[in-house]
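A.B. asks: How does the following fold in three dimensions:
(chains A and B)
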Amino acid sequence: MLGFVVRRLALLVPILLGLSVLLFLWVRALPGGPAEALLGERATPEAVERVKKLYGLDRPWYEQYLTWVGNVFRGDLGVSSRTQHPVVEELLRTFPATVELALTAMIFAVGVGVPVGYLAARRHGTWLDHLSVAGSLFGITIPVFFLGYMLKFAFAEKLGILPTDGRQDPLLDAEHPTGFYVLDGLVTGNPEALGDALAHLVLPGVALGTIPLAIVVRITRASVLDVLHEDYVRTAEAKGLAPATIRGRHVLRNALLPVVTIIGLQVGLLLGGAVLTETVFAFPGFGKFMADSIVARDYAVLQGFILFTAVIFVLVNLLVDVAYGLIDPRVRAA
Amino acid sequence: MVFRQRGRADVRAVDGVSFSVSPGETVGLVGESGCGKSVTSLAIMGLLPKRGVRVEGSVAFDGTELLALPPDKLRALRGRELAVVFQDPMTSLNPVVPIGTQVTEVLTRHRGLSNGEARREAADLLRRVGIPDPSRRLREYPHQLSGGMRQRALIATALACRPRLLIADEPTTALDVTIQAQILELLRTLVAESGTALILITHDLGVVAGMCDTVHVMYSGRIVERAPRHDLFRDPRHPYTGGLLASVPRLDQPRGARLEPIKGSPRDTIPWATGCAFAPRCPNRIEACTPEAPELVGERHALRCVNPLRSAPEAKVVPR
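C.D. replies: Numbers count the residues shown, from 1 in each chain, chains lettered A, B, ... in the order given. The predicted structure follows:
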């Protein structure tokens, strides 16, 4: 298992090298550039040249690339041309927000999706089953921004039980040593800040988790249906085991294998940022910041953030494979 | 036993199958694929799906009516008093659970053993069914065991609580011939030792000849002939039984002698409603075979046929 993990981590090196070249060129292939974006439409060519020189953009791309790669190895991702802050700082500020949001969405998706999918399969062909299939189709089709506004309208505007946007009430006296607001509430021993941070996660979490929820319901349902027809489930029934044992040990343990894969893929996607959800709920996360940086042609931010996303994606997939090996002994042997 | 599906006529899969087993006795259910043998065993165990299937009649176990038993009571009996060994050891074990857990879970559930006690008992059971190095095997997963080993593990699990009735549903079909003989020998010994009643379901007359006290031959969901083993092999009366025997290779026939297959397949049979279901394939068919289905008549050697085989061919099947 350890050898497997090391091999997979070693694979990161060629992946990241290849990706870094591609993304470096892609960022520069966008029409316009940071200088033009900063100075606006009526900038004189001289001014543009001066700004380019300031950021070293007048040099050939391979020179810029080598400089950048050298800096990355020293942990320096450059400075944002839009905010003038170091990219690492921006990353540490926005990524925790996205992690909290993504985890909330996944907890919602898995916590609701697995039981619903299981029940739908168990009651195959009943109204509950049909409702879950129709519901998951609805969940996949509904646009996230529309759902987001509807949730805000219902729970924040009309009922007033949940906050409308942001990560924390600005009037609240809260410290943020880690950047993970929920964690901050815990470590600073501030239950009010903790509750407030959690409340701010509910609506965006639900909005973002709806599509993963629909997928998890469908996969779980199909997978449980398959497993229920397996001979070993009949064997378990023939042994007269308690229903809970059959459900947990013999049905779900097998049925959740494909669900684990889906969860991994979805977490990877969600950690790459959720532009629409973050925009609707004014949630200062990774996705929103990236989108703004694309508009500003903020090369340093784009390069740093995309590279970071790639690392996260590979790590999450590695985690999924390790989890898979823990659940399924056949994978361990292979 | 009726299978129902929306939009289709009900299918009467098994009808009027009636038999009894006593402690220490081995009863054989014989017939081609699809004749209703396995479904009968599932009905006895109460393992048929609740929706889409209707089971009528009576399954009496030591005076208890199993069909009328509430699910949790039946659950308490299954695995303890009633046990079953299924056909395919490759798929009948859970691939992601260690063998040990799959054996011990019956012991902890039905005999209230602690985990440690159950593990010792399980190792003992595996040793009794002839699995070497049982404590290592307990830690392994099904994919690390051979087919014969898995079937032994399943038999060990079925016998863990010393059931009074064991149903073996084609226990050797998925195995190599040499392993088949070992497994059958094992079943025979265990039944003799413990006085367990055994229902042996098979399509293999060789297995029947070596194991069973009484044999029930099924065709298309009904018993067509029932007799003590020796009577059946010495004097098969139903043309179907005769056909089955003629299609088994025998040592007393010259080499290269052609086996006689039964013509046709059970798929083109007509339901019993319009006469004997075997009539379309039957060499002895007469007018009287339709439209009225014959009844099962006889005590010791019962028969469902209006024109049975008369001369008894000297049939000898090599026991396995």
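
A.B. asks: Let me know the helix or strand that the closest residue to chain B within the stretch 101-250 of chain A is in.
C.D. replies: Closest to chain B within the stretch 101-250 of chain A is A:G240: 3.3 Å, counting by Cβ to the nearest Cβ. From N, CA and C alone the C-beta is placed, and that goes for glycine too. If you go by DSSP states H and E, A:G240 is not part of any helix or strand.

A.B. asks: Surely it touches B:R109?
C.D. replies: Yes. Using Cβ atoms under 8 Å, A:G240 is in contact with B:R109, at 6.9 Å.

A.B. asks: Between the two, which is the more surrounded one?
C.D. replies: A:G240 (24 against 21; other Cβ atoms under 10 Å in any protein chain shown).

A.B. asks: give the contact list for that one.
C.D. replies: A:G240 makes contact with B:74-80, B:106, B:109-110, according to Cβ atoms under 8 Å, 6 or more residues apart in numbering or on different chains.

A.B. asks: what pairs with A:P86 across the strands?
C.D. replies: A:V79 (DSSP bridges).

A.B. asks: what about it, distance to A:S80?
C.D. replies: To A:S80, A:P86 is 7 Å away according to Cβ to Cβ, to the nearest Å.

A.B. asks: Contact residues of the stretch 1-150 of chain B facing chain A?
C.D. replies: Residues of the stretch 1-150 of chain B lying close to chain A (Cβ under 8 Å from any Cβ of the partner chain) are B:45, B:47, B:51, B:74-80, B:83-84, B:86, B:88, B:91-98, B:101, B:105-106, B:109-110, B:141, B:143-144.

A.B. asks: coming back round to it: out of A:P86 and A:S80, which sits in the more crowded spot?
C.D. replies: The neighbour comparison of A:P86 against A:S80 (other Cβ under 10 Å) goes to A:S80, with 22 against 16.

A.B. asks: any idea of the pLDDT on residue 144?
C.D. replies: No chain in the question, so chain A it is. Listed pLDDT for A:V144 reads 85.

A.B. asks: Can you look at chain B instead?
C.D. replies: Note on B:Q144: pLDDT of 91.

A.B. asks: Let me know how buried it is, in neighbour terms.
C.D. replies: With other Cβ under 10 Å as criterion, B:Q144 counts 16.

A.B. asks: again, but for the one 3 residues further on
C.D. replies: By the measure other Cβ under 10 Å, the count of residues near B:G147 is 14.

A.B. asks: got it, and the one 5 residues further on?
C.D. replies: Other residues near B:R152 number 24, with proximity taken as other Cβ under 10 Å.

A.B. asks: Now do the contacts for it.
C.D. replies: B:126, B:129-131, B:183, B:186.

A.B. asks: Make a markdown table from those and add neighbour count, distance to A:V216 and pLDDT to it.
C.D. replies: A markdown table is the format used below for those (neighbours: other Cβ atoms under 10 Å in any protein chain shown; distance: Cβ to Cβ, whole Å; pLDDT from 0 to 100):
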| residue | neighbour count | distance to A:V216 | pLDDT |
| --- | --- | --- | --- |
| B:L126 | 26 | 39 | 90 |
| B:V129 | 23 | 42 | 84 |
| B:G130 | 16 | 45 | 83 |
| B:I131 | 21 | 40 | 87 |
| B:I183 | 22 | 43 | 83 |
| B:L186 | 19 | 45 | 84 |
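
A.B. asks: Which of the residues you listed fall in helices?
C.D. replies: The members of these that map onto helices under DSSP state H are B:126, B:183, B:186.

A.B. asks: can I get these in CSV with distance to A:L252?
C.D. replies: Below are the ones in helices among the contacts of B:R152 laid out as CSV (distance: Cβ to Cβ, whole Å):
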residue, distance to A:L252
B:L126, 27
B:I183, 32
B:L186, 33
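
A.B. asks: coming back round to it: and the furthest pair within the contacts of B:R152?
C.D. replies: Greatest spacing in these, by Cβ to Cβ: B:L126 and B:I183 (14.3 Å).
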